[in-house]
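Undergrad: Would you be able to build a 3D model of this:
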Amino acid sequence: MVANLGVRFDYYNGGGGKWPSGDPFADEVFRPQKVDTSLFALLGDGRSYIWEIWEQYDKEHPGFLQPIKNFFTVSPRIGVSFPVTTNSKFYFNYGHFRSNPPYYTMYLYRYRYDKNGLYNMSNPNLEPPRTISYELGLAYNFIEGYLMQLSGYYKDITGQAGEVQYQTSSGTLNYDGLANNEYEDIQGFEVTLSKNDQSWLNFWINFNYMLSKSGLTGKQIISDVTINNDQEGLYQGNESRALPRPKINANVTFRSPMDWGPEILGAKIFGGWSMTIFGEWYAGSYFTYNPLGKLHISNNMQWPDYYMVDLKLNKVVDVGHLKLNFYVDISNLFNFKVSLMRYEYAFQDDNDLNKYLASLHLPMYDSPEFDQLRENQPGYYIPGNDKVGDLRSDEKPYINDPNYSFWLFGEPRDIWVGVRIDF
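TA: As a prediction, this is how the structure comes out:
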């Protein structure tokens, strides 16, 4: 048995300074402020009008601006390997992993001097989210140079940044903040077959079957008035279903030795070539579509699948003490029409999205529950075998395409040619 034990220590520095986190219900400075044309001169000098207001408010109400926190974390790691034969082993990995929260969740706020005032307030005091990872697997070298790995894994992720809503009972303040209140559970298994012996042909192919679910904990709405009800404002019934998202990656490399082939004009022109083809496919992400407004409906629809094939061609030439690498990189080799619908850029607004989905002839509409919607909106909510991602065509003229059709597809074929010089 071989065991590796370790501990990782991380120190996260928030950058110093202060943040208006002492009083989330400071109406006086979070509501719209009176401004005039002098604001433009102030901004032109590189000053922040709202921060000057906050700093003045902090002098009058000490504690409104709070020091930004730093965090020190300890992450244990364990890796154990149990050789069974000369060609096989069982292994187990366990570890804690931390990562810095995205910066937009830490240092971004959205404020308008008129209308609502404060809309969003990020939180630089977010603790680095923690992932506890478990993996149990088998590695088997069944033929010389060929390795198969089978593993099951589980990841428990806690403390991710999730939204909370701050409201005053008078209705003068209503904005979104962030807290360490989101969790995610991921489990699945992987199968990997690889050959990596630096011969003419090397490859690996990986199949990953993953189930994930996520949710939020604690208060969804935080008010300045204490309500004598422990359940009021809690996140409830929001956990997503554990749904599968299989994924396949494959990489194949053809390589010729540097000295292979006849010498022509003093050079081995057939040697030093390599060609790599990388293919990828994964099932589309899930989203919620609930036209009937039923309770506890989540992630019941799926965006189109993603698939891609890239190619890289490389030729190495030795020139004295230099090594020249001539290459051609082709992204999207077959120029697939990659759907961007999952990002919802193509939809003008939620109404545009709902009209598109209602115009599809989906299996879910095969129910008398949709009779009232069909009566109110003729031509919509018709049952059939359409899929999300289908567009208007001669066969399907009834589909109401997204308004921004220029955002429907992306990632067209991209070709780069270049040379890299290694000294």
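Undergrad: Report the secondary structure state of residue 284.
TA: Here residue 284 is recorded as coil under DSSP: H, G, I helix; E, B strand; the rest coil.
Undergrad: nearest residue to it other than its sequence neighbours?
TA: Among residues not flanking residue 284 along the chain, residue 303 sits closest, at 3.9 Å (Cβ to Cβ, 6 or more residues apart in numbering). Every residue, glycine included, has its C-beta placed from N, CA and C.
Undergrad: and that neighbour, how many residues sit next to it?
TA: If you count neighbours by other Cβ atoms under 10 Å, residue 303 ends up with 19.
Undergrad: residues touching it, list them.
TA: By Cβ atoms under 8 Å, 6 or more residues apart in numbering, the contact set of residue 303 is 284-287, 339, 341-342, 388-389.
Undergrad: State the phi and psi torsions of it.
TA: Dihedral pair for residue 303: phi -70, psi 170, per degrees, to the nearest 10.
Undergrad: tell me the pLDDT at it?
TA: Note for residue 303: predicted pLDDT of 95.
Undergrad: if I look at it, how far off is residue 347?
TA: Distance, residue 303 to residue 347, by Cβ to Cβ, to the nearest Å: 12 Å.
Undergrad: Nearest the geometric middle of the protein, what residue?
TA: When Cα atoms, centre = their mean is applied to the chain, the residue found nearest the centroid is residue 285 (10.6 Å).
Undergrad: per-residue confidence at that one?
TA: Listed pLDDT for residue 285 reads 91.
Undergrad: which one's the longest helix in the protein?
TA: helix 49-60 (DSSP state H).
Undergrad: list the helices and strands that helix packs on?
TA: helix 27-30, helix 38-44 (3 or more Cβ pairs under 8 Å, 6 or more residues apart in numbering; DSSP states H and E).
Undergrad: right, so those helices: which one is the most enclosed?
TA: With neighbours taken as mean count of other Cβ atoms under 10 Å, these reach their highest mean count in helix 27-30, at a mean of 18.
Undergrad: chain center to that helix: distance?
TA: In this view, helix 27-30 has its centroid 34 Å away from the chain centroid, taken as Cα atoms, centre = their mean, to the nearest Å.
Undergrad: And it, what does it pack against?
TA: Under the contact definition 3+ Cβ pairs under 8 Å, 6+ apart, helix 27-30 sits against helix 49-60.
Undergrad: same thing but 10 Å
TA: Judged by 3 or more Cβ pairs under 10 Å, 6 or more residues apart in numbering; DSSP states H and E, helix 27-30 is in contact with helix 49-60, strand 109-111, strand 118-121.
Undergrad: Next up, the contacts around residue 368.
TA: Going by Cβ atoms under 10 Å, 6 or more residues apart in numbering, residue 368 touches residue 374.
Undergrad: and it, what are its phi and psi?
TA: The phi and psi values for residue 368, taken as degrees, to the nearest 10, are phi -60, psi -10.
Undergrad: ok, now residue 66?
TA: phi -110, psi 140.
Undergrad: hang on, the earlier thing: are any of the contacts of residue 303 buried, and if so which?
TA: The neighbour-count test (16 or more other Cβ atoms under 10 Å) marks 284-287, 339, 341-342, 388 as buried among the contacts of residue 303.
Undergrad: Turn the helices and strands packed on helix 49-60 into CSV, columns for mean pLDDT and distance to residue 311.
TA: Listed next are the helices and strands packed on helix 49-60 as CSV, based on pLDDT from 0 to 100; distance: least, Cβ to Cβ, whole Å:
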stretch, mean pLDDT, distance to residue 311
helix 27-30, 88, 54
helix 38-44, 80, 49
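Undergrad: JSON lines for the ones you listed, including distance to residue 319?
TA: JSON lines is the format used below for those (distance: least, Cβ to Cβ, whole Å):
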{"stretch": "helix 27-30", "distance to residue 319": "65"}
{"stretch": "helix 38-44", "distance to residue 319": "55"}
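Undergrad: picking up where we left off before, state the pair within the buried ones among the contacts of residue 303 that is farthest apart.
TA: Greatest spatial distance among those (Cβ to Cβ): 286 and 339, at 14.9 Å.
Undergrad: Would you confirm that the residue nearest to the centre of the chain contacts residue 339?
TA: No: Residue 285 lies out of contact with residue 339 (Cβ atoms under 10 Å); the separation is 11.3 Å.
Undergrad: which neighbours do these two share?
TA: Common contacts of residue 285 and residue 339 (Cβ under 10 Å, 6+ apart): 303-306.
Undergrad: And the protein, what are its domain boundaries?
TA: 1-238, 245-335+417-423, 341-407 (automatic domain parsing).
Undergrad: low pLDDT regions in this structure?
TA: Applying pLDDT under 70 to the chain flags the ranges 226-239, 265-266.
Undergrad: Roughly how far does the closest residue to residue 155 other than its chain neighbours sit from residue 305?
TA: Among residues not flanking residue 155 along the chain, residue 186 sits closest, at 4.2 Å (Cβ to Cβ, 6+ apart). Note on residue 186: its distance to residue 305, by Cβ to Cβ, is 20 Å.
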